[in-house]
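Need the 3D shape of this:
(chains A, B and C)
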Amino acid sequence: MISRVAQLRWLVVGGCVLTLEVLCRTGIIAPQVVVAPSIMFSTLIEMILSGEVTTNFESTFYSALTAILISVMLGISGGLLLWRVSRLRRVLEPVLAAYYSVPVFVFYPILIALFGMNDMPIIMIGVLFGVVSMIVNALNGFDRIPLVYLKAAQTYKLSAWQVTYLIRIPAALPQMMTGFKLTVAYSFIGVIAAEFILSTSGLGYAIAYAYNNFETRAMYALMLLIMIVVSIINVCLMSIEKKLLTRRGVI
Amino acid sequence: MKGIQVTVSDLTRTFESMQGQQPVHALGPVSFDIKPGEFLSVVGPSGCGKSTLMECIAGLSTPTSGSVLVGDVNVKGEVPAGVGVVFQENAVFPWLTVYENISFGLKHGNTALPTGEISIRVDEALELIGLKAFKSHYPSQLSGGMRQRVAIARTLVTKPDFILMDEPFGALDPQTRLLMGDELLKIWRATGATVFLITHSLEEAILLSDRVLAMTARPGKIKTEIKTPWSKDRTSDISASPQFGQLVSELWGVMREESKLAMAQSENVA
Amino acid sequence: MKSTQKTTRKFDSLILLAVFVGFWSLLNATYGSNAIASPVQAIERLVRLAVHGNLLGHMAETFSAYAYALVLAIIGGTLAGMLLGLHKMAGDVGEPILVSIYSLPKVTLYPVVLLIFGLGMSAKVAFGFLHGVLPIAIFTIGAIRQIPKIYLKASQTLQVPHQKYIRYVVVPATLPEYFSGVKIGVSLTLLGVLIGEMFGSQRGLGYLLMKGIELNDTSLMAAVALVLLTVAILIGVSLQRIDHHLRR
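Numbers count the residues shown, from 1 in each chain, chains lettered A, B, ... in the order given. Below you'll find the model as predicted:
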């Protein structure tokens, strides 16, 4: 049974969508600017059925998933490294704090030079977007490990490597989960943004193409698709997180 | 498992200054023995260095001077084999079940045992602490007292010769504390290990131990030693005896002044 | 902080700078100036831009848009966050919605913004605002929610009036967490403005960047990147200073 809060939430969202629909249908909002939600939806169905979305969708998805994987691995190891070498951490802290103000697209040509003219530069931009969240949250997670766990590890005479994967990482997992949610979001954002600006395939590119060719219906349909996909992924992540936190007794 | 002799000689611990503060002389010099299989308690006011003392003896912390002999091992910042520690804060890992927690030391510690043997030992320990039904539960599903029992079981299952405990029952209510004390005595009798217990509760110290050491305010030194007349088969029933009340008063008489001193000190020690 | 620690920090920063420049030069040496301009080329171009290319004009354009967007984002985000944070029901309903919007690739909304605001300053400011307002709002909600309830009870038993409670208890208690959100908002707002400029503008650092990308003018890209990196570091250092001060 849906809670009252969830009901209200659906009401709010539904209300906004309905308002938008009315405003569009009555012409208050011009169709060249925003298209009615119902039309967005029907166009999307058309596009899916005709198969014109499939290749682009796969391309984006594959890039994003790869980016997420790389971000997680680099993020956790980077976080571990910075946590151990506190000098390095102190020096890099200002860099991490303002990291997102630099558009990482500047690195695009060098990424092409490094990886070639394929999907890798796009994926790497997704990684550049997503990895920092993982590093920062891994760091946070390691910071918060109760000292007593590490003392207990000492009494079992574990090797340093064992302490890391048996204790440090599981203990930091809830915080890393928070980072993971953000990393997933940022990797998608990075990949789609890169496709939008720089690429010839993927959903981002498809939206840019539609925009440049005044195909507003297609454009909004694609945006709707991205919104739906990202929301589904978010809901899955939140339920995984909830399970994790309840088992740990944090919730 | 047989208890082990512990000898502490002229132990001191000073913490270096941090950012312009004075170095803190937290502990010592302290000297005492624990005979094999003896149950020794240490009481003292806040900040007197009891936890520091335990950490030095256990090998979790390196003494600034003096020595610790556990059995025939000179302990210097490394935890010797055969030592089990129960901490004040609950160190039970929340991501493992009760079973996985208790078997942790056996699975990953120095002495790797075959899975069959591990299973037997863990079941024994679960029986001893009375949590057999909660084998597959997660710590978050247990009460505080149960969690501490799991922590104790996890320590015991490696069959240590020397068990150190820092306020293991600190977070529990008084009634549970008494019950846990009885269980601890049961376990001590069954295993014959040497036990070193730190507690805030004077009653608990007198009740459970063969001997009680009372420490001064910081820097902590041994002020007095009180021997208890109880037999090995003691339970919390002895709290009704007049001797108990006498010993507790005696201990408080010794401690009162130190506690006042401690109240006036600042809480600077790590 | 001891003076030896301060010197170590400065020294470490210099080492980091040296490593960065060294790595950059290495990349240029390996992959050639068509892939990435050398540090020297970047600086040369930067000087040329400053003298002949109206660099200051572009910078002024970008940073004025940034300033507007940031002020709006901070005000909007804080107000929205306070509203949703202090009122439980509103917060429970609204926060997940905000979080969902936050994780959408906002660059895909860019055409919508352009269609609504047209080309020019207002589109840039709108885009920057969009990027920055959400994290600030979300973190403000989080900051208010994490105030231990006991503070409220303590204030009530001490007969502290509600206004003073907000000013003397809520504000200091939420400041560190709130500021974490502001940090993110500060960075993302700049990013939003820059991305906005990359499309809908004929002026500004983002526009220069896009020009560089389109013409594969690597020294132009490097020059602009240099300016942006310097600004980012300056912002980052100031934010860290404030953060340390708040967390003491």
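
Contacts only, for the nearest residue to residue A:9 once chain neighbours are set aside.
Distances taken as C-beta to C-beta, 6 or more residues apart in numbering or on different chains put residue C:93 closest to residue A:9, at 4.8 Å, once the chain neighbours are dropped. Bear in mind the C-beta positions are built from the backbone N, C-alpha and C, glycine included. Applying C-beta atoms under 8 Å, 6 or more residues apart in numbering or on different chains to residue C:93 gives the contacts A:5, A:8, A:9, A:12.

Wasn't residue C:93 part of a helix?
Yes - counting by DSSP: H, G, I helix; E, B strand; the rest coil, residue C:93 is found in a helix.

Tell me which residues touch whatever residue of chain A ends up closest to chain B, please.
Nearest residue of chain A to chain B: residue A:249, at 2.3 Å (C-beta to the nearest C-beta). By C-beta under 8 Å, 6+ apart, the contact set of residue A:249 is B:94, B:138, B:139, B:140, B:141.

is chain B contacted by whichever strand or helix holds residue A:60?
Secondary structure from DSSP states H and E places residue A:60 in helix A:54-84. No - applying C-beta under 8 Å from any C-beta of the partner chain, one finds helix A:54-84 separated from chain B by no less than 15.9 Å.

Next, the angle helix A:54-84 makes with the helix or strand following that helix.
Using DSSP H and E, the helix or strand that follows helix A:54-84 in sequence is helix A:86-97. Helix A:86-97 runs at 140 degrees relative to helix A:54-84, counting by axes from the mean of the first three to the mean of the last three C-alpha atoms, to 10 degrees.

any idea which helix or strand comes after helix A:86-97?
Going down the chain from helix A:86-97, the next helix or strand is helix A:108-115, by DSSP H and E.

got a winner among the contacts of residue C:93 for most neighbours?
Of all the contacts of residue C:93, residue A:9 has the most neighbours under the rule other C-beta atoms under 10 Å in any protein chain shown, reaching 18 neighbours.

so that one sits in a strand?
No - the assignment for residue A:9 is helix, going by three-state DSSP, so no strand is present there.

Under the pLDDT cut-off, which ranges of chain B? List them.
Scanning chain B for pLDDT under 70 picks out B:1-2, B:18-20, B:110-112, B:266-270.

Need the pLDDT of the residue nearest the centre of chain A.
In chain A, the residue lying closest to the centroid (C-alpha atoms, centre = their mean) is residue A:185, at 1.4 Å. Looking at residue A:185, its pLDDT reads 89.

With the one 3 residues further on instead?
Residue A:188 is assigned a predicted lDDT (pLDDT) of 91.

contacting residues around it?
The contact partners of residue A:188, by C-beta under 8 Å, 6+ apart, come to A:60, A:64, A:126, A:226, A:230, A:233, C:103, C:105.

switch to 6 Å and redo it
Taking C-beta atoms under 6 Å, 6 or more residues apart in numbering or on different chains, we find residue A:188 in contact with A:64, C:105.

Quickly find the element holding it.
In this structure, residue A:188 sits in helix A:169-198 according to DSSP H and E.

How about residue C:115?
Here residue C:115, judged by DSSP H and E, is contained in helix C:110-117.

Averaged pLDDT, that helix. What do you get?
On average, helix C:110-117 scores 82.

Could you give me the buried positions within the helix holding residue A:188?
Going by neighbour count (16 or more other C-beta atoms under 10 Å in any protein chain shown), the buried part of helix A:169-198 is A:169-177, A:179-198.

Likewise for stretch B:33-42?
Quick answer for stretch B:33-42 (16+ other C-beta under 10 Å): B:34, B:37, B:38, B:39, B:40, B:41, B:42.

Quick check: phi and psi at the closest residue to residue A:87 other than its chain neighbours.
With sequence-adjacent residues excluded and distances taken as C-beta to C-beta, 6+ apart, residue A:87 is closest to residue C:12, at 6.2 Å. When quoted as degrees, to the nearest 10, the phi and psi of residue C:12 stand at phi -60, psi -40.

pretty sure residue C:12 contacts residue A:91?
Yes - the pair residue C:12 / residue A:91 is scored as a contact, 4.5 Å apart, by C-beta atoms under 6 Å.

With neighbour numbers in mind, choose between the two.
Taking other C-beta under 10 Å, residue C:12 and residue A:91 do not tie; residue A:91 has more neighbours (21 against 15).

State the pLDDT value of the more buried one.
Reading off the model, residue A:91 has pLDDT 83.

I figured it was touching residue C:17, is that so?
No - using C-beta under 6 Å, residue A:91 makes no contact with residue C:17, being 9.9 Å away.

do you know how far residue A:96 is from residue C:104?
Distance, residue A:96 to residue C:104, using C-beta to C-beta, to the nearest Å: 24 Å.

Which one of these two is surrounded by more residues?
Shown here are residue A:96 and residue C:104; by other C-beta under 10 Å, residue C:104 has more neighbours (20 against 17).

Relative to residue A:103, how far out is the more buried one?
Distance from residue C:104 to residue A:103, by C-beta to C-beta: 18 Å.

what about stretch A:137-148, distance to the chain center?
Its chain's average C-alpha position is 23 Å from that of stretch A:137-148, according to C-alpha atoms, centre = their mean, to the nearest Å.

just to revisit the earlier point, PyMOL command to pick out the buried ones of the contacts of residue A:249?
A single PyMOL command selects the buried members of the contacts of residue A:249 (16+ other C-beta under 10 Å):
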select buried, chain B and resi 94+138+139+140
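
Now the one helix or strand residue C:156 maps to: buried residues?
Per DSSP H and E: residue C:156 is located in helix C:149-157. Residues residue C:155 are the ones in helix C:149-157 that count as buried (16+ other C-beta under 10 Å).

what does stretch A:243-251 give?
Quick answer for stretch A:243-251 (16+ other C-beta under 10 Å): A:247, A:248.

How far off centre is that stretch?
Centroid separation between stretch A:243-251 and its chain, computed with C-alpha atoms, centre = their mean, is 23 Å.

Dump that stretch to CSV, keeping only the CA atoms.
This file holds the C-alpha atoms of stretch A:243-251, laid out as CSV (Å, rounded to 0.1, in the frame of the first residue of the first chain):
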residue,chain,number,x,y,z
LYS,A,243,17.8,-2.8,2.2
LEU,A,244,21.5,-2.3,2.9
LEU,A,245,20.8,0.4,5.6
THR,A,246,18.1,-1.6,7.3
ARG,A,247,20.2,-4.6,7.6
ARG,A,248,23.0,-2.5,9.1
GLY,A,249,20.6,-1.0,11.5
VAL,A,250,21.3,2.5,10.3
ILE,A,251,17.6,3.1,9.4
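
State the distance from the residue nearest the centre of chain C to residue A:184.
In chain C, the centroid-proximal residue (C-alpha atoms, centre = their mean) is residue C:187; its distance is 1.2 Å. Here residue C:187 is placed at a distance of 19 Å from residue A:184 (C-beta to C-beta).

now swap in residue A:108 and tell me
For residue A:108, the distance to residue A:184 - C-beta to C-beta - is 22 Å.

which bits of the stretch 101-250 of chain A sit near chain B?
By C-beta under 6 Å from any C-beta of the partner chain, the residues of the stretch 101-250 of chain A that approach chain B are A:148-149, A:151-152, A:154-158, A:162, A:170, A:247-249.

Please report the distance of the residue nearest to residue A:9 from chain B.
In this view, residue C:93 and chain B are 28 Å apart by C-beta to the nearest C-beta, to the nearest Å.

and if you look at residue C:156?
Distance from residue C:156 to chain B, counting by C-beta to the nearest C-beta: 28 Å.
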